[in-house]
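Asker: Need coordinates for the following:
(chains A and B, ligands or ions: 1)
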Amino acid sequence: MVFGNAPRALRPYICSSCAKSLKLRSRKFATAASPDIYDVACVGGGPAGLSLLTALRSSKATSHLRLALIESQDLDRVRKWNLPPDQYSNRASSLTPSSQAFLSQIGAWPHIDTSRVQPYHHMRVWDGLSSTARITFDSPTPEPAIAHMIENQNLTRALLARLDSLEPISLLDKTSVREIHLGPPPSPLTPEPTYLNLSSYPHVTLSSNQTIAARLLIGADGPNSAVRTFAGIETRGYDYNRDGVVATLKLPSSFAHHPSSPRGVTAYQRFLPSGPIALLALPGPYASLVWTTTPSQSALLKTLSPEDFTAMVNAAFRLSAVDLNYMFTLPSNQLSEFQWRDSVHPSTASEAKGEIPHLISSVQQGSIASFPLRLRHASSYTTSRIALIGDAAHTIHPLAGQGLNMGLSDSKALAEAIEYAVCHGADIGDEMGCLDRYKGEVWWGNQRLLGAVDKLHWLYSVGSGPVVGVRKWGLRAVDVMGDLGVKGWLMRQAGGL
Amino acid sequence: MAHTLASTRLFNLPASFRFTCVNLARTFSVLNRPPPHYAGHVPLNVFERGAVAAGSAIMSLLNPRRGDLIAALGETTATPYFIYRLRDVMLSSPTGRRILRDRPRITSQTMSVTKLRAMAENTVGRAYVDWLDREGVSPDTRDSVKYIDDEECAYVMQRYRESHDFYHALTGLPVFVEGEVALKAFEFANTLLPMTGLSIFAVTRMKPAERSRFWRTYLPWALSNGLKSKEVINVYWEEQLERDIDDLRAELGLERPPDLRERRKAMKEQRKAAKEKREKMGGLMAD
Ligand SMILES: Cc1cc2nc3c(=O)[nH]c(=O)nc-3n(C[C@H](O)[C@H](O)[C@H](O)COP(=O)(O)OP(=O)(O)OC[C@H]3O[C@@H](n4cnc5c(N)ncnc54)[C@H](O)[C@@H]3O)c2cc1C
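Answerer: Predicted structure coming up:
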């Protein structure tokens, strides 16, 4: 039984008498009903959960901790994930340099299939209503890139590969959380004066009927976090009433961004009245789309033929909002509308200047999907013996491509807090001894980022009136002041440098 | 209803101001005038545009016969903003888009007056040709657009100009001066083209009796109908010729001008006087 290992793992930071009592207890009460005790049990094996566990295992101070991962999906599917070079997952994210540094630090980066990763060096952002206002971000040299586009599965597969290469942890996959409760109150009948009191330990009953207890329970279980609900942590925020439409797009084969190309690769984002549309390069002639639309627009987009969908994407980067709104009223034939409008106002000149992306030639079959967009921020990330990371703690509008990066920075901060507690002999489940450090490190920064991205959303979802004029001048001013360091500051924010 | 439509139309104004700056920013010296964007296009820089607008405004007040000046005034005041707005109105309507795609022209070749004269009473085509005949004009009497830079917007201006006689037929406004000025007011409320608004200044040249009828009767009718009816620029006239004109009015949400009986009576009495006046005024109101 695994339980027998627990005292070894706990010993470095619980007093020796407690450890002794634990040993006693384990001898006395290690029946089928008693729970496995872990130092850290993490619910959710997405990017946030996997990176936290990998960080803990790969750091000397925390590598001995007893770790468990509870994940409802089959992790073998993550391990075996493999797509041919001409196919890309529709779920791709922009990885900032600081996220990349963290992944290197925990030894996961070498496990990433870098042939499927695309750095980009420039950003073109412009307003779909005031066509003259645009902002250009260029990194001064090809290295470092502004960020890297990576498929989420490429990242999770690498994290899991790195985790598999380290001392094994308990991987409880194909297992979901059935129930979470606190341990039983200490029995007054227990004769010993000191014993390990499990009443403050969260106990997780799994779909396999097994129950595990954790000194520290991590909620990395995404936006509908069961751990957060158990902890009674409130979230604030609202639904944007917008969908994020994602798809994998193909450019003409003659056009492929080469990582070595001297011009570098550009990411494009245009703010339309419903929200921004972004085209992010993937290797070769491929690109990833994230388009913020109203729910009815996303419903229509999903019914279109591939040709008409492609025409809508091309229209969204080229035509006026008037044309685009009209095309959203048509059940089909968007291609013919696009061809006509593009012939009246050809976009070839701005395309040649690199101001707008190349024309898309097709959309990868079956890659069009949509997600409702929400703003949520947990009022706290921690309570006694519980910490939330990743989307369980916050969901953000995808316009700044920060969701995944925030989750990774949570992991980094929490792993560091745990390491600090272990090194200083504190209880890793204790708020004062460990968790406050984590919360203090990331909560305010995340709050600021969530607020800024939310404001950008509202600023740009205004379709008319003086705001359009103000933001046009604002965007222009930022572009003009680029040399004064404003853009550098914005880029550092975006890149998390 | 009329109120909300009107206010949304006006509220949308600053939004589309976005287009203005592109064009306002354009300055060039007369020595390196850019190439024309379409046959007959005369590119003007900001200062020239202002000069043409001011000059044509003054000259056309002094010399109302100069239809070409009215046309120039219409074009130079429609840019940078208003003609783009009207183009967007067309782009938001399926029929408007078809018109912009097909770009039909109304000329004596495309509009055979003999065929139109053979149409049944109360059809759109018949009402139109009756108006032409009464005025002694033909579909060809419209100037070509030359000062609008965007080639598509130039077509929108051309279409507006060529549809003008259909607006007469559609509104059924009287032919004499307060009817003509009322039609301008209607067009202004409906298209927001500034020149149509400026033309209302012609009210200063009316006789007191005409003026009071204009203020009391025709102007309120024109403004409320112009605002509440659908945009007339989106009517594909070529496809509506056989249609019952009252039917079309109903579809557009247009009421007949008030005091029709009085108007008919007045028409009879004043036809003679009006004819004389028209001869005097020549092209002023033709645009
Ligand atoms: C349209 C869209 C575009 C985006 N674009 C970007 C981008 O460009 N850049 C970026 O950085 N981010 C982006 N994001 C956000 C990013 O995808 C998320 O922030 C990221 O996936 C969060 O990781 P996570 O590990 O916190 O949560 P998740 O990835 O949601 O992982 C949660 C895991 O928990 C498991 N789980 C949940 N409940 C239970 C349970 N009860 N029991 C067991 N297991 C459970 C789930 O199976 C899942 O594996 C985007 C998001 C959307 C919706």
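Asker: any idea how far residue A:95 is from the most centrally placed residue in chain A?
Answerer: The centre of chain A sits closest to residue A:404, judged by C-alpha atoms, centre = their mean, with a distance of 1.8 Å. From residue A:404 over to residue A:95 the distance is 7 Å, taken as C-beta to C-beta, to the nearest Å. The way it works is simple: take the backbone N, C-alpha and C, and place the C-beta from them, glycine included.
Asker: between those two, what contacts are shared?
Answerer: Listed as contacting both residue A:404 and residue A:95 by C-beta atoms under 8 Å, 6 or more residues apart in numbering or on different chains are residue A:155.
Asker: re earlier: OK, contacts around the residue nearest to the centre of chain A?
Answerer: A:47, A:93, A:95, A:99, A:152, A:155.
Asker: So which of those sit within strands?
Answerer: Judged by DSSP state E, the subset of the contacts of residue A:404 located in strands is A:93, A:95.
Asker: Between the contacts of residue A:404, which sits nearest the ligand?
Answerer: The closest of these to the ligand turns out to be residue A:93 (C-beta to the nearest ligand atom; 3.2 Å).
Asker: hmm, the helix or strand hosting the residue nearest to the centre of chain A touching the ligand?
Answerer: For residue A:404, the host element (DSSP states H and E) is helix A:403-423. Yes - Helix A:403-423 is in contact with the ligand by C-beta under 6 Å from any ligand atom, via A:403-405, A:407.
Asker: For that helix, C-alpha coordinates in PDB please.
Answerer: What follows is helix A:403-423, C-alpha atoms only, in PDB (Å, rounded to 0.1, in the frame of the first residue of the first chain):
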ATOM      1  CA  GLY A 403      -5.000  32.700 -20.400                       C
ATOM      2  CA  LEU A 404      -2.500  29.900 -20.700                       C
ATOM      3  CA  ASN A 405       0.400  32.100 -19.700                       C
ATOM      4  CA  MET A 406      -1.300  33.200 -16.500                       C
ATOM      5  CA  GLY A 407      -1.800  29.600 -15.600                       C
ATOM      6  CA  LEU A 408       1.900  28.800 -16.100                       C
ATOM      7  CA  SER A 409       2.900  31.800 -14.000                       C
ATOM      8  CA  ASP A 410       0.500  30.700 -11.200                       C
ATOM      9  CA  SER A 411       2.300  27.300 -11.300                       C
ATOM     10  CA  LYS A 412       5.700  28.900 -11.100                       C
ATOM     11  CA  ALA A 413       4.700  31.100  -8.200                       C
ATOM     12  CA  LEU A 414       3.000  28.300  -6.300                       C
ATOM     13  CA  ALA A 415       5.900  25.900  -6.800                       C
ATOM     14  CA  GLU A 416       8.200  28.500  -5.500                       C
ATOM     15  CA  ALA A 417       6.000  29.100  -2.500                       C
ATOM     16  CA  ILE A 418       5.900  25.400  -1.700                       C
ATOM     17  CA  GLU A 419       9.700  25.200  -2.200                       C
ATOM     18  CA  TYR A 420      10.200  28.100   0.200                       C
ATOM     19  CA  ALA A 421       7.900  26.500   2.800                       C
ATOM     20  CA  VAL A 422       9.700  23.100   2.500                       C
ATOM     21  CA  CYS A 423      13.100  24.700   2.900                       C
END
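Asker: After it, which helix or strand is next? Please name it.
Answerer: helix A:436-460.
Asker: List the buried residues in that next one.
Answerer: In terms of neighbour count (16 or more other C-beta atoms under 10 Å in any protein chain shown), helix A:436-460 has its buried residues at A:437-439, A:441-443, A:446, A:449-450, A:453-454, A:456-457, A:459-460.
Asker: returning to that earlier point: farthest-apart pair in the contacts of residue A:404, please.
Answerer: Pairwise distances across those peak at 12.3 Å for A:99 and A:152 (criterion: C-beta to C-beta).
Asker: tally of neighbours for whichever residue of the stretch 251-400 of chain A sits closest to chain B?
Answerer: Residue of the stretch 251-400 of chain A nearest chain B, by C-beta to the nearest C-beta: residue A:322 (4.5 Å). For residue A:322, the tally of surrounding residues (other C-beta atoms under 10 Å in any protein chain shown) stands at 18.
Asker: Quick check: it vs residue A:297, distance?
Answerer: 15 Å.
Asker: What residues of stretch A:96-110 count as buried?
Answerer: A:96-100, A:102-103, A:106-109.
Asker: returning to that earlier point: just the pLDDT at the residue nearest to the centre of chain A, thanks.
Answerer: Residue A:404 is assigned 94 on the pLDDT scale.
Asker: and what of residue A:16?
Answerer: 42.
Asker: and what of residue B:119?
Answerer: pLDDT for residue B:119: 95.
Asker: got it, and residue A:56?
Answerer: pLDDT, residue A:56: 98.
Asker: same deal with residue A:131?
Answerer: At residue A:131, the predicted lDDT confidence score is 57.
Asker: same deal with residue A:175?
Answerer: At residue A:175, the pLDDT value in this model is 96.
Asker: what about residue B:195, neighbour count?
Answerer: Residue B:195 has 26 neighbours, counted by other C-beta under 10 Å.
Asker: So is the longest strand along chain A next to the ligand?
Answerer: In chain A, taking DSSP E as the definition, the longest strand is strand A:235-250. Yes - applying C-beta under 6 Å from any ligand atom, one finds strand A:235-250 in contact with the ligand at A:244, A:246.
Asker: again with stretch A:64-74
Answerer: Yes - using C-beta under 6 Å from any ligand atom, stretch A:64-74 reaches the ligand at A:70-73.
Asker: How about residues contacting that stretch?
Answerer: With C-beta under 8 Å, 6+ apart as the criterion, stretch A:64-74 contacts A:5-6, A:8-10, A:12, A:36-45, A:49-50, A:53, A:56-57, A:169-177, A:204, A:206-207, A:212, A:214, A:418, A:422, A:428.
Asker: Which pLDDT value does the model give the residue of the stretch 1-150 of chain A found nearest the ligand?
Answerer: As assessed by C-beta to the nearest ligand atom, the ligand sits closest to residue A:46 within the stretch 1-150 of chain A, at 2.2 Å. Here, the pLDDT recorded for residue A:46 equals 96.
Asker: now residue A:361
Answerer: You'll see residue A:361 listed with a pLDDT of 95.
Asker: Equivalent analysis for residue B:178, please.
Answerer: 75.
Asker: wait, what's in contact with it?
Answerer: Going by C-beta under 8 Å, 6+ apart, residue B:178 touches B:203, B:206, B:210-211, B:213-214, B:218.
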